[in-house]
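Asker: When you get a sec, could you give me coordinates for this:
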Amino acid sequence: MQLGLDFVRALTQMAEERKLSESVILSSIEAALASAYKKFKEKNIDPEVRIDGSTGEISIFEIRRIVDEVKNPDSELSPEEATALGYLGLVEGDVIRTSIETAPESFGRIAAQTARQVIIQRLKDAEREIIFNEFAEKVGDLVTGIVFKSENDQILVRINERTEAMLPREERIAGETYDLGSRFKFYLLDVRQTTRGPRIVVSRTHPGLLRRLMELEIPEINDGVVEIHGIVREAGARAKVAVNTLDVNVDPVGACVGNGGSRIKNISNDLAGEKIDIVIWSEDPLLYIRNALSPAKVVRVEPVLEQEKSARVFARPDQLSLAIGKAGQNVRLAARLTGWKVDINPLAIDLDVVPTSQDLFDDLV
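Answerer: Have a look, this model is predicted:
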């Protein structure tokens, strides 16, 4: 049977609308017609359908395999039976294809419904596979999405016309509102294939989101002139970013902050006003700790010899609360950024009787 040019045009249109290849759609229709024919014959046969995409011509074959022991007479033949039917010299594993002249429209209503269900399911599976492959390669990238469902604990984001992602509670910035129609930038956290299709998870709290925003906003980082050595965040509140450059003519902090703070303000605005400290990375861990405590200015940093990767920091009284930060946030982020335990102490003459940073922290709280 030949479906003609109308079928060819419809095939091309469907491929464009669904963003699928014509071969994928053809294979779905072939599988559907094979299922319909099997339903129509009401036998345990093994049909094969081929469609010529350029003409729409349909060819239907019944497949019978040569086996030594026949278990399904509808789809299997012994070598002796094949010889009796005029097929000479066939051995186990060979296949006989018999062309069938039956036209699909004669299959009947139930067979047609079967074909329709198979086509729908095959196309859904193909679309899901394409979406999964497309976004699995983008894990770790920046994506823009629009909130289209915000209900209780469920927030869904549309990241393109046919793809949605989930924003879990733990990946949301505390206090940020996700109204319907709101547009945000997200970090593509995870893509997994499930029985219901790809499960795409995005994040607003991951340090990678800040990194991608800086690459987008700051040309020196995107070009590799300024390198990011570490990022820590308490999302929506404060972040610290350690940067460095090998170009003596470039100020890495100035490049990140921008003229009048314009660059860092744009990034902060994308993160619900999150305050971002840009600090200079150093191979010297004690200098790195000093820098990481910015904007506080500390007087001295010394290692605690009896403890590995532990430092004692001394700050003047007017810088002490700034070094510790609100609820200990500044020193906590500095410790995470450097990987060192940091103990803040006020500068005093008798260092042996100085209260610890925990004592001061308790007083501040």
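
Asker: isn't Ala334 right up against Leu293?
Answerer: Yes. Contact criterion CB atoms under 8 Å: Ala334 and Leu293 qualify, at 4.9 Å. Using the backbone N, CA and C atoms, a C-beta is placed for each residue, glycine as well.

Asker: Name the residues contacting each of these two.
Answerer: Here Ala334 and Leu293 have Val342 as joint contacts, going by CB atoms under 8 Å, 6 or more residues apart in numbering.

Asker: quick one: stretch 268-278 to chain centroid distance?
Answerer: 23 Å (CA atoms, centre = their mean, to the nearest Å).

Asker: Could I get the CA-only coordinates of that stretch as PDB?
Answerer: Taking Å, rounded to 0.1, in the frame of the first residue of the first chain, the C-alpha atoms of stretch 268-278 are listed here in PDB:
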ATOM      1  CA  SER A 268      24.100  39.900  44.000                       C
ATOM      2  CA  ASN A 269      20.800  41.000  42.500                       C
ATOM      3  CA  ASP A 270      20.500  37.600  40.700                       C
ATOM      4  CA  LEU A 271      21.000  36.000  44.100                       C
ATOM      5  CA  ALA A 272      18.300  37.800  46.200                       C
ATOM      6  CA  GLY A 273      20.800  40.400  47.400                       C
ATOM      7  CA  GLU A 274      23.400  38.000  48.700                       C
ATOM      8  CA  LYS A 275      26.500  39.800  49.900                       C
ATOM      9  CA  ILE A 276      29.600  38.600  48.100                       C
ATOM     10  CA  ASP A 277      33.100  39.000  49.400                       C
ATOM     11  CA  ILE A 278      35.900  38.800  46.800                       C
END
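
Asker: Buried residues in it, which are they?
Answerer: Across stretch 268-278, burial judged by 16 or more other CB atoms under 10 Å covers 268, 270-272, 274, 276-278.

Asker: same question, stretch 73-89
Answerer: Quick answer for stretch 73-89 (16+ other CB under 10 Å): 75-79, 82.

Asker: Listing partners with orientation, what would you give for the longest strand seen in the chain?
Answerer: Longest strand in the chain by number of residues (criterion: DSSP state E): strand 183-194. Paired with strand 183-194 in the same sheet, following DSSP bridges, are strand 142-151 (antiparallel), strand 197-203 (antiparallel).

Asker: for the longest one, what is the average pLDDT?
Answerer: Translated: strand 142-151. Mean per-residue pLDDT for strand 142-151: 92.

Asker: List of residues touching it?
Answerer: With contact meaning CB under 8 Å, 6+ apart, strand 142-151 is reached by 155-159, 164-165, 178-188, 202, 209, 212-213, 216.

Asker: Show residues contacting the helix or strand following it.
Answerer: As assigned by DSSP states H and E, the chain's next helix or strand after strand 142-151 is strand 154-160. Identification of contacts with strand 154-160 by CB under 8 Å, 6+ apart yields 143-150, 164-167, 172, 178, 184, 186, 200, 202.

Asker: Figure out how far the longest strand of the chain is from the centre of its chain.
Answerer: 4 Å.

Asker: tell me the angle of that strand relative to strand 154-160?
Answerer: 100 degrees (axes from the mean of the first three to the mean of the last three CA atoms, to 10 degrees).

Asker: okay, now Val304: neighbour count?
Answerer: Each residue near Val304 was counted by other CB atoms under 10 Å, and the total is 13.

Asker: Mind pulling up the pLDDT for it?
Answerer: 93.

Asker: check contacts around it.
Answerer: 310-312, 341, 343.

Asker: Domain ranges for this structure, per the record?
Answerer: Here the domain parsing of the chain from automatic domain parsing is 5-135, 138-203, 225-281, 284-365.

Asker: tell me which residues of stretch 138-151 are tucked away?
Answerer: For stretch 138-151, by 16+ other CB under 10 Å, it's 142-143, 145, 147, 150.

Asker: what's the answer for stretch 186-200, then?
Answerer: Neighbour counts over stretch 186-200 (16+ other CB under 10 Å) mark 186-191, 197-198, 200 as buried.

Asker: neighbouring contacts of it?
Answerer: 124, 128, 131-132, 135-136, 138-145, 157, 159, 163-167, 171, 201-204, 206, 208-209, 212.
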